[in-house]
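Undergrad: Sequence first, then the predicted structure, then my questions.
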There are 2 protein chains.
Amino acid sequence: MPDTLPPAEPRPAASLPSGLLDALLALLGPRGVLTDPADIAPHLSDWRNLYRGSSPCVLRPANTGELAAAVKLCAAAGVPMVPQGGNTSMVGGATPDESGRQVVVALTRMNRIRDIDPVDLTMTAEAGVVLKTAQEAAAGAGCLFPLSLGAEGTATIGGVLSTNAGGNTTVRYGNARELMLGIEAVLPDGQVLHGLRRLRKDNTGYALRHLFVGGEGTLGFVTAATLKLFPAPRETEVAFCAVRDEDAALALFRRFRDRDDSAVRAFEYMSGTGIDLALRHIEGATLPLAERADHYVLVDLATPRPDGGLRALMEAVLEEALEAGEVLDAAIGESEAQRGAIWRLREEHPEAQKREGASVKNDVSVPVSRVPEMIRRCSAALVELIPGSRPVPFGHMGDGNIHMNLEQPEGADPAAFLARSHDIMDTVNAVVRDLDGSFSAEHGVGRLKTDMVADWRGGAEIDLMRRIKAAVDPQGLMNPGKVLD
Amino acid sequence: MPDTLPPAEPRPAASLPSGLLDALLALLGPRGVLTDPADIAPHLSDWRNLYRGSSPCVLRPANTGELAAAVKLCAAAGVPMVPQGGNTSMVGGATPDESGRQVVVALTRMNRIRDIDPVDLTMTAEAGVVLKTAQEAAAGAGCLFPLSLGAEGTATIGGVLSTNAGGNTTVRYGNARELMLGIEAVLPDGQVLHGLRRLRKDNTGYALRHLFVGGEGTLGFVTAATLKLFPAPRETEVAFCAVRDEDAALALFRRFRDRDDSAVRAFEYMSGTGIDLALRHIEGATLPLAERADHYVLVDLATPRPDGGLRALMEAVLEEALEAGEVLDAAIGESEAQRGAIWRLREEHPEAQKREGASVKNDVSVPVSRVPEMIRRCSAALVELIPGSRPVPFGHMGDGNIHMNLEQPEGADPAAFLARSHDIMDTVNAVVRDLDGSFSAEHGVGRLKTDMVADWRGGAEIDLMRRIKAAVDPQGLMNPGKVLD
């Protein structure tokens, strides 16, 4: 779905069952229950403006105990609940539907960092802690919390765990799931699951925490998590490279990875079209190379070793790849400012696409070895589908996750282009499926892709998902209409 | 529980429901159904000889399709099934009970490595592949499959995943769980879950695979898995160090980890008592240092970097620690043989304890920062409980997992000592619980520790586990009496 479709007109908010609002007010106080339409409004639309729902009030509990008590009240009244953190979902995962029956529960007031331990390399943070705040707290303790993504200034720990967010550093540190040691959660009936263990090994029953990660709030509320930290990097190197083609990009990744996989913090692919758009629309953006190319990569190396030798490693690998004809030209950032400028070319891709016109997003993944074929086949199929349209593939080549986005033809009518959104997604998904890939690499399912879950994850898989949903949330009150339709 | 208790006398095997044996024979053929008591016998006792059960036959399906069909037959007849791989469980997790009603299903014939891809760094292996075989296959493709543990010559991929095995390299590469990308499983009703995706990012519904990992066969059969590989190390260094005390051991770990966490492949603690026993009982074992000490550590560094500089790193850190008084003396292995000899001192700990007399095992974990306190407090409490008994703590200090074992007093009656097994476990667990630890770090629950699950993981946690068990296995046919009682 596009970013710019006119949102559906919401129905008027229904009122809560008799007595519930008073009980919630008595429990949470006036700061904990928003009822003014102006206060509620920001919680009803999603980040991409795909959906606009309705909610009779927004609950804002101050701590786990308040949340658990509020959930018990809602559950007893049969009221569906929609957990919300920073509300940055790309798939409409954190907003209520149009019925007016679903109550938004915002966890943003639960924003304490309960504990940081630089010996254990752990941090226990509440759901409402903003990702960037968590990163900064870790840095303040001389450590690294490596999860990093575009929305990090707004997205929360509860959200990134509930959606198993990925981002730029997955190639080195894994997804949010791999960064989580323990979880505290409130179940759909208001029970509190106390699982904030900070153990590296603990084999004492089912891994319940892994259901809440990636459960997108349909199985309960993640209220806090114990997260893994890492020693802070002491050396960093960032390079921007023009490469011959998609295969050369992959070959370059392999050269770095096989030399020192632990040093490769990010490896991002960008197309010539994407960089052209960034240079056109982003103020101050400049190409750090002499000539334009059709394919680029960003390489980010980091190590905690004081004598890490990353500069020598970077230069040696780039030289090899230049000689092999894979790399056409490369620039290594000489300062924090230059490294930031290189990263900005990558990070401003979504903004540049938006300014250029209408575009359709596809957050897909394939096995790493198949990324070049995926980019080529998707690009060809998309241009065949809509002549003149401009594929803008970019993203996390090192973990097989490419944002296979499509920009409208120059000068075409945006609305006519956006009307083809489903055709565009289907075209990409057909190739991805043929390559054993996934229709949602890091954005999740939310409301946007529930039909794809049913289609791609059929048989025993969706049967088991439904049985687990029914077992954990028998009333079906948690974030209805998300993940499973 | 001790290694040497006399096993319970099994009851005679009950026969299968009428017609089932014929149907299974028709399906699996004579190689696929063992009925001769001599053939069945090795499948009925566990590795530690804690339990001896009974089974009317042993099923040995040749592939996933055969297994699924056999499970359907057993499920229709209401016959409980006990999955078995290498049968190396330390907690009686893979053997049938004494009722004679449970059928052992051995997955050892399903032992194909279906695929290895050095670009994707993935391997897809069937459940019956022996761990060591998987390691060797990865090495043959120029890669590393890092999971490594004492039983690796016998334990299977299905078993290490079902129990979320840990071992020596968890500090660097994680547990079996973190090495798994996708799973194929047969559900308790015979449905096949096709989840062998080799994607680094895939957020498309609940993480079902994480239920089967650590589910200990109570939710279904793991039949194959797609595993993560890593670039093979090009440099390795191993040192054996005498350290001042437990705190000094932890301080040394921090020095290495903070310098280069990705280089620390293993960091193992051993007590003076444990090394004394190894030197006494293990043929050819010698102390690589001039003097005996009360505390030792083994440091294993590895990197794929050709210019890794690990020797310099090892020497620099050891020198700092010597100057700080943490390390008393150290020997760095100068050859593969010397490195192997150092590792042997650690790996032969269980065998040395067995030869010395009766001992009781405690596989516990605490947050890494609390390991020194845990060792000290447990040791003191154990000697107070049984004067003259000898604590032999050893193991994976880098991930907080210590085998807090206790050797009988010299010259005492083994049976009298073993009669105190439960007191000994309770004594250790009381300290571990006080330190926010776990009663089972890497061995799992099996049959031995179901009462501890109920005690430690009560409230919402065990309630949710039971609901999930009921949802996935409503008839309760999968490995009954394990994990949840």
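TA: Ah, there it is.
Undergrad: Going by C-alpha atoms from here, please, whenever you check contacts or count neighbours.
TA: Fine.
Undergrad: List the buried residues of stretch A:76-91.
TA: By neighbour count on 16 or more other C-alpha atoms under 10 Å in any protein chain shown, the buried set for stretch A:76-91 is A:79-91.
Undergrad: Out of those residues, which two are the most distant from each other?
TA: A:79 and A:90 (25.2 Å; C-alpha to C-alpha).
Undergrad: how about the residues of the stretch 351-485 of chain A that lie near chain B?
TA: A:365-369, A:399-401, A:436-445, A:453, A:459-461, A:464-465, A:467-468, A:471-472, A:483-484 (C-alpha under 8 Å from any C-alpha of the partner chain).
Undergrad: Okay, and which of the residues you listed map to strands?
TA: Of the positions in these, A:365, A:401 sit in strands, assigned by DSSP state E.
Undergrad: List buried residues within the residues of the stretch 351-485 of chain A next to chain B.
TA: Neighbour-count burial (16+ other C-alpha under 10 Å) applied to these gives A:365-369, A:399-401, A:437-445, A:453, A:460-461, A:464-465, A:467-468, A:471-472, A:483-484.
Undergrad: Pull the contacting residues for residue A:154.
TA: Counting by C-alpha atoms under 8 Å, 6 or more residues apart in numbering or on different chains, residue A:154 touches A:86, A:87, A:88, A:130, A:131, A:132.
Undergrad: Tell me which two of these sit farthest apart.
TA: Most distant of the contacts of residue A:154, by C-alpha to C-alpha, are A:87 and A:132, 14.9 Å apart.
Undergrad: The residue in the stretch 101-250 of chain A that chain B sits nearest to and residue A:439, how far apart?
TA: For the stretch 101-250 of chain A and chain B, the shortest gap (C-alpha to the nearest C-alpha) falls at residue A:202, measuring 4.3 Å. Residue A:202 sits at a distance of 33 Å from residue A:439 (criterion: C-alpha to C-alpha, to the nearest Å).
Undergrad: shaky segments in the stretch 1-150 of chain A?
TA: A:1-14 (pLDDT under 70).
Undergrad: Return the residues of it in contact with chain B.
TA: A:119, A:120.
Undergrad: What ranges does the stretch 1-150 of chain A have for its strands?
TA: Taking DSSP state E, counting those that start in this stretch as the criterion, the stretch 1-150 of chain A contains strands spanning A:33-34, A:58-59, A:81-84, A:103-106, A:113-117, A:122-126, A:143-144.
Undergrad: how about these in TSV, adding distance to residue B:216?
TA: Converted to TSV, these look like this (distance: least, C-alpha to C-alpha, whole Å):
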stretch	distance to residue B:216
strand A:33-34	44
strand A:58-59	40
strand A:81-84	32
strand A:103-106	36
strand A:113-117	32
strand A:122-126	28
strand A:143-144	34
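Undergrad: out of these, deepest packed?
TA: Highest mean neighbour count of those: strand A:81-84, a mean of 28 (counted as mean count of other C-alpha atoms under 10 Å in any protein chain shown).
Undergrad: Contacts for that one, please.
TA: For strand A:81-84, using C-alpha under 8 Å, 6+ apart, the contacting residues are A:74, A:94-96, A:102-107, A:159, A:217, A:221, A:477-480.
Undergrad: try 6 Å this time
TA: Residues outside strand A:81-84 that contact it (C-alpha atoms under 6 Å, 6 or more residues apart in numbering or on different chains): A:94, A:102, A:103, A:104, A:105, A:106, A:478, A:479.
Undergrad: got a list of what residue A:223 touches?
TA: Residue A:223 sits next to A:126, A:127, A:184, A:185 when contact means C-alpha under 6 Å, 6+ apart.
Undergrad: Excluding chain neighbours, give the residue nearest to the second one in space.
TA: It stands for residue A:127. The shortest distance from residue A:127 to any non-neighbouring residue, by C-alpha to C-alpha, 6 or more residues apart in numbering or on different chains, is to residue A:158 (3.9 Å).
Undergrad: I'd assumed that neighbour was in a strand, is it?
TA: No: Residue A:158 is assigned helix when assessed by DSSP: H, G, I helix; E, B strand; the rest coil, not a strand.
Undergrad: number of nearby residues for it?
TA: Neighbour count of residue A:158, defined by other C-alpha atoms under 10 Å in any protein chain shown: 35.
Undergrad: ok, now how distant is it from residue A:113?
TA: Remark: distance between residue A:158 and residue A:113 (C-alpha to C-alpha) = 12 Å.
Undergrad: residue ranges for the helices of the stretch 251-400 of chain A, please.
TA: Ranges of helices within the stretch 251-400 of chain A are A:272-281, A:310-323, A:336-347, A:349-356, A:371-385, based on DSSP state H, counting those that start in this stretch.
Undergrad: now those as CSV including mean pLDDT?
TA: Shown next, in CSV, are the helices of the stretch 251-400 of chain A (pLDDT from 0 to 100):
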stretch, mean pLDDT
helix A:272-281, 98
helix A:310-323, 98
helix A:336-347, 97
helix A:349-356, 96
helix A:371-385, 98
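Undergrad: Let me have these in a markdown table, extended by distance to residue A:411.
TA: Converted to a markdown table, the helices of the stretch 251-400 of chain A look like this (distance: least, C-alpha to C-alpha, whole Å):
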| stretch | distance to residue A:411 |
| --- | --- |
| helix A:272-281 | 15 |
| helix A:310-323 | 38 |
| helix A:336-347 | 24 |
| helix A:349-356 | 10 |
| helix A:371-385 | 16 |
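Undergrad: picking up where we left off before, the residues of the stretch 351-485 of chain A next to chain B in helices, which ones?
TA: Judged by DSSP state H, these include A:453, A:460, A:461, A:464, A:465, A:467, A:468, A:471, A:472 as members of helices.
Undergrad: can you redo these as CSV with distance to residue A:347 and pLDDT?
TA: CSV is the format used below for these (distance: C-alpha to C-alpha, whole Å; pLDDT from 0 to 100):
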residue, distance to residue A:347, pLDDT
A:453, 29, 95
A:460, 39, 96
A:461, 35, 96
A:464, 38, 97
A:465, 35, 98
A:467, 40, 98
A:468, 37, 98
A:471, 41, 98
A:472, 38, 98
